[in-house]
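Participant: based on what follows, work out the 3D shape:
(one chain, ligands or ions: 3)
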Amino acid sequence: MAMPSAPILQIALPVPLPRAFDYLPPAGHDACASDVGRRVRVPFGNRELVGVVAGTGPAAAQASDLRQAIAFLDQAPLLHGELLESLRWLARYTHAPLGEVFATALPAILRHGEPLPETHTPAWRLTAAGQAGVVRLRAGTRPRRLADLLAPAPISEDSLDLKMDQWRSAARALGKRGFAERIALPAHGLVADRLPGPVLNPEQQAAVDAVRASEGFAAWLLDGVTGSGKTEVYLAAIADCLAHGRQVLVLVPEIGLTPQTLARFRSRLGVPVHALHSGLNDGERARAWMAAARGEARVIVGTRSAVFVPLPEPGLIVIDEEHDGSYKQLDGIRYHARDFALVRAKALDVPVLLGSATPSLETLHNANGGRYGYLRLGQRAGDAQPPQVRVLDVRKRALVAGLSPEMLQAIGNALQAGGQVLVFKNRRGYAPVLLCHDCGWTAHCRRCDSAMTVHAGGRRLQCHHCGARQAAPPACPDCGGLALQPQGIGTERLEEALRERFPDVPVVRIDRGTTQRRDGLGKLLASVGQLPAILIGTQILAKGHDLPHLTLVVVVGVDEGLFSSDFRAGEKLVQQLIQVAGRAGRASKRGEVWLQTHHPEHPLLNTLIAGGYRAFAEGELALREAAGFPPYAHLALLRAEAQRVEAVQAFLSAARRALAAAGSDGIELHGPLPAPMPRRAGMQRMQLLLSAPQRRGLHRLLDAALPAVYELPEARKVRWSLDVDPVDLY
Ligand code: ADP
Ligand code: ZN
Ligand code: ZN
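Facilitator: Ligands and ions are numbered 1, 2, ... in the order given. Below you'll find the predicted structure:
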């Protein structure tokens, strides 16, 4: 008997299949369009999953074959409006399952189906009796002091912690008399103190004015060296948005979101600033996300995944250090937070401000082509001087832990003059290789095509790719000889050599090994204070914390980046050099930067020294155009791995045939080729690169071919993923 089929729910589930799943609505509910965006619990196989309703429609299969959803988890849609549409766009762009995109966007707690968290902040306020009775409290006592603090407005418990010692006992006393009460306030109901900022210089003011005058969506590149006052431009533009009742999202790189940065935003904006980063627990992350969704969070400062916060009252998106590599997600849904932020700004119809001292070539290309407005801050703000950069030729010099005699002399002089010195070396550990001097054996990881890094002064070996660790062998496993020698220089070895050479000053090594704990870096830096000291660091030191007493920056190991096969290696090297150089001379002391190299004539260094980043970037863009690399071509990388290389080869070959069959006109297919590191953590890795002159053609091909790729029998024997706009080709 044919029944008129009732509408069904099309549910996006976090499973690696590129489609929605049909379910009957929960008992007693008729599916309707307003269910879209609600979380729902459903049976899936023999377990339960939490999904999000992506649509409704007439039953595709015989309705009686469909399983029934168990229950909705939200009364109203959790994902809706612009965010929902932007996430649908992201799923199309990354060619990823919508359910996995939703799961990436939602904080873990919400993704797992827990109820929406409370977002209000505990605070204290005076009751009417308290307002009337303040004057009767004895002056000078703690309850009186607290009552005076609370008289103008309620204050959050966080702020009270900062304002008054032992306020809790005073609050109890006031509470007992009925003078004060504990309440929960939305964040925007709270006022915070606000410090004035400096008077903006004309360039800064022009930048703020340009952003303010944007009508709806506009992208602005704010190009200014470190210390030129970009953050002051952000703060002024944000304050302007707040004054118009709008929310602001600020994205910062992983290592840029320090307590210092947050404190600066908090003290200057006069509203609570919500942070969203990997240091928070799941509950805190969900609360910040929900506070944004409810419009309570007015300013959200966060790292990559903060790009997914809902913005019901949007005014501006700021992306600090837009070139930073940490904006790209390297597994799961491989989104680029900068690029997605631009898509959202456009959909939200608000301006987006991209700041950098070293804009990515993609962004410069967009600015050159007039798609982004260009704002420049030419000078360092205040009275800071630009550092002087020198290239030091170390050929034929006797090196001590990789440092030449001239360099050691310069370090000594800087310390003597009362300054601090930063020695930058982007390699953790003691030495990158352990070598047998008798037979040439080197320590390799058993599971990766990589040497093991020597740690702990030579006692331990560690693989930086799979994490494997072992004690260093006492003798060569091949020839039994005892001439095992660490080769090359890591930060630990630099530390050892510099301690020996400068025994009277503190030598502080700062890398992932020494800053595991939260704000370990801040504490380490605080321990040094203003006294002469040597800091040895990896890129973790290149940004974030202010180091006003730094007068000399020494860069060791420039050469490793000069001859890489990665087409982005030059860009990354130069960005890092400039970032590190920017650490010198931030206050009134003029800084110096010394680059040590065996290739003083290398064109990259020469262009950089003579013409700065702009000259380098223009030259590099010309090279990319000639070679057909981004931003002049559009790439997608199909990666696959398995224990057996034959399985990987078979899958990628079949995928290549599927792509070719879909008619890859004008799109080049390279591979299958071994990945630059063909074996990692025991897995054999290969890849297939797609390169297209036009973005649209690339997506058309992927749309046409991917359904077949998902269905390939070979796909079941490998782990595979697609990376659209890959940053690293491995
Ligand atoms: P950036 O974000 O480009 O690195 P900041 O905004 O942090 O630069 O500014 C660098 C330093 O200069 C900060 O200490 C800041 O307070 C100061 N500064 C910025 N703009 C001005 C200004 N117009 N007048 C005086 N000092 C300023
Ligand atoms: Zn040997
Ligand atoms: Zn390994």
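Participant: can you show me the strands along the stretch 551-700 of the chain?
Facilitator: 592-597, 634-642, 668-680, 683-692 (DSSP state E, counting those that start in this stretch).
Participant: in its sheet, which strands sit next to the second one, and in what direction?
Facilitator: Under the criterion DSSP bridges, strand 634-642 sits next to strand 683-692 (antiparallel), strand 719-724 (antiparallel) in its sheet.
Participant: can you list the residues of the stretch 551-700 of the chain near ligand 2?
Facilitator: Proximity of the stretch 551-700 of the chain to ligand 2, by Cβ under 5 Å from the ion, involves no residues. From N, CA and C alone the C-beta is placed, and that goes for glycine too.
Participant: deepest of the strands paired with strand 634-642, which one?
Facilitator: Comparing the strands paired with strand 634-642 by mean neighbour count (mean count of other Cβ atoms under 10 Å), strand 683-692 comes out on top with a mean of 21.
Participant: quick one, that strand and strand 668-680 angle?
Facilitator: Comparing the axes of strand 683-692 and strand 668-680 via axes from the mean of the first three to the mean of the last three Cα atoms, to 10 degrees yields an angle of 160 degrees.
Participant: could you dump the strands paired with strand 634-642 to JSON lines with distance to ligand 3 and mean pLDDT?
Facilitator: Shown next, in JSON lines, are those (distance: least, Cβ to the ion, whole Å; pLDDT from 0 to 100):
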{"stretch": "strand 683-692", "distance to ligand 3": "11", "mean pLDDT": "96"}
{"stretch": "strand 719-724", "distance to ligand 3": "17", "mean pLDDT": "96"}
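Participant: picking that back up, could you export the strands of the stretch 551-700 of the chain as TSV, including distance to Phe308?
Facilitator: Output for those, formatted as TSV (distance: least, Cβ to Cβ, whole Å):
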stretch	distance to Phe308
strand 592-597	38
strand 634-642	22
strand 668-680	29
strand 683-692	27
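Participant: mind putting the strands paired with strand 634-642 into CSV with distance to ligand 1?
Facilitator: Below are those laid out as CSV (distance: least, Cβ to the nearest ligand atom, whole Å):
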stretch, distance to ligand 1
strand 683-692, 36
strand 719-724, 31
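Participant: quick one, which of the ones you listed is nearest to Ala584?
Facilitator: strand 719-724 (36.2 Å; Cβ to Cβ).
Participant: flag every residue of this structure that's near ligand 2.
Facilitator: Proximity of the chain to ligand 2, by Cβ under 5 Å from the ion, involves residues Cys436, Asp438, Cys439, Trp441, Cys476, Asp478, Cys479, Gly481.
Participant: hmm, back to that, now the strands paired with strand 634-642 in CSV, with distance to Arg446?
Facilitator: Shown next, in CSV, are those (distance: least, Cβ to Cβ, whole Å):
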stretch, distance to Arg446
strand 683-692, 13
strand 719-724, 20
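Participant: on that earlier part again, from the residues of the chain next to ligand 2, which is closest to ligand 3?
Facilitator: Within the residues of the chain next to ligand 2, the smallest distance to ligand 3 is 17.3 Å, found for Trp441 (Cβ to the ion).
Participant: that closest one contacts Ala475, doesn't it?
Facilitator: No - the pair Trp441 / Ala475 is not scored as a contact, 10.5 Å apart, by Cβ atoms under 8 Å.
Participant: these two: which is more packed in?
Facilitator: The neighbour count for Trp441 versus Ala475, taken as other Cβ atoms under 10 Å, is higher for Trp441 (17 against 13).
Participant: domain ranges for this protein?
Facilitator: 8-111, 121-185, 202-377, 388-427+489-624, 634-724 (automatic domain parsing).
Participant: between those domains, which gets the lowest average pLDDT?
Facilitator: Among the domains of the chain, domain 388-427+489-624 carries the lowest mean pLDDT, at a mean of 84.
Participant: mind listing what's buried in stretch 453-471?
Facilitator: For stretch 453-471, burial by neighbour count (16 or more other Cβ atoms under 10 Å) applies to Thr453, Val454, His455, Gly458, Arg460, Leu461, Gln462, Cys463, His464, His465, Cys466, Ala468.
Participant: equivalent analysis for stretch 497-513, please.
Facilitator: Residues of stretch 497-513 classed as buried by neighbour count (16+ other Cβ under 10 Å): Ala497, Leu498, Arg501, Phe502, Val505, Val507, Val508, Arg509, Ile510, Asp511.
Participant: ligand 1: which of those residues is nearest?
Facilitator: Nearest to ligand 1, judged by Cβ to the nearest ligand atom, of those is Ile510 at 19.5 Å.
Participant: wait, that closest one sits on Lys523?
Facilitator: No - using Cβ under 8 Å as the test, Ile510 is too far from Lys523 to be in contact (10.9 Å).
Participant: so which of the buried residues of stretch 453-471 reach ligand 1?
Facilitator: Among the buried residues of stretch 453-471, no residue lies close to ligand 1 (Cβ under 6 Å from any ligand atom).
Participant: mind picking the lowest-pLDDT entry from those?
Facilitator: Gly458 (87).
Participant: contact partners for that residue?
Facilitator: Tyr430, Ala431, Leu434, Ala472, Pro486 (Cβ atoms under 8 Å, 6 or more residues apart in numbering).
Participant: which two in those residues are spaced the farthest apart?
Facilitator: Largest separation among these by Cβ to Cβ: Ala431 and Ala472, giving 10.7 Å.
Participant: which one's more surrounded, those two?
Facilitator: Ala431 (22 against 19).
Participant: where along the stretch 201-350 of the chain do the helices fall?
Facilitator: Under the criterion DSSP state H, counting those that start in this stretch, the stretch 201-350 of the chain carries helices at the ranges 202-213, 230-243, 259-269, 282-293, 337-348.
Participant: can you redo these as CSV, where the extra columns are distance to ligand 1 and mean neighbour count?
Facilitator: CSV is the format used below for the helices of the stretch 201-350 of the chain (distance: least, Cβ to the nearest ligand atom, whole Å; neighbours: other Cβ atoms under 10 Å):
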stretch, distance to ligand 1, mean neighbour count
helix 202-213, 6, 17
helix 230-243, 3, 21
helix 259-269, 8, 17
helix 282-293, 23, 22
helix 337-348, 17, 21
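Participant: so which of those gets nearest Gln329?
Facilitator: Using Cβ to Cβ, the helices of the stretch 201-350 of the chain put helix 337-348 closest to Gln329, at 7.5 Å.
Participant: which strands or helices does that closest one pack on?
Facilitator: helix 81-94, strand 247-251, strand 314-319, strand 351-356 (3 or more Cβ pairs under 8 Å, 6 or more residues apart in numbering; DSSP states H and E).
Participant: now do 6 Å
Facilitator: helix 81-94, strand 314-319 (3 or more Cβ pairs under 6 Å, 6 or more residues apart in numbering; DSSP states H and E).
Participant: out of these, which one sits most buried?
Facilitator: Taking mean count of other Cβ under 10 Å, strand 314-319 is the most buried of the helices and strands packed on helix 337-348, at a mean of 25.
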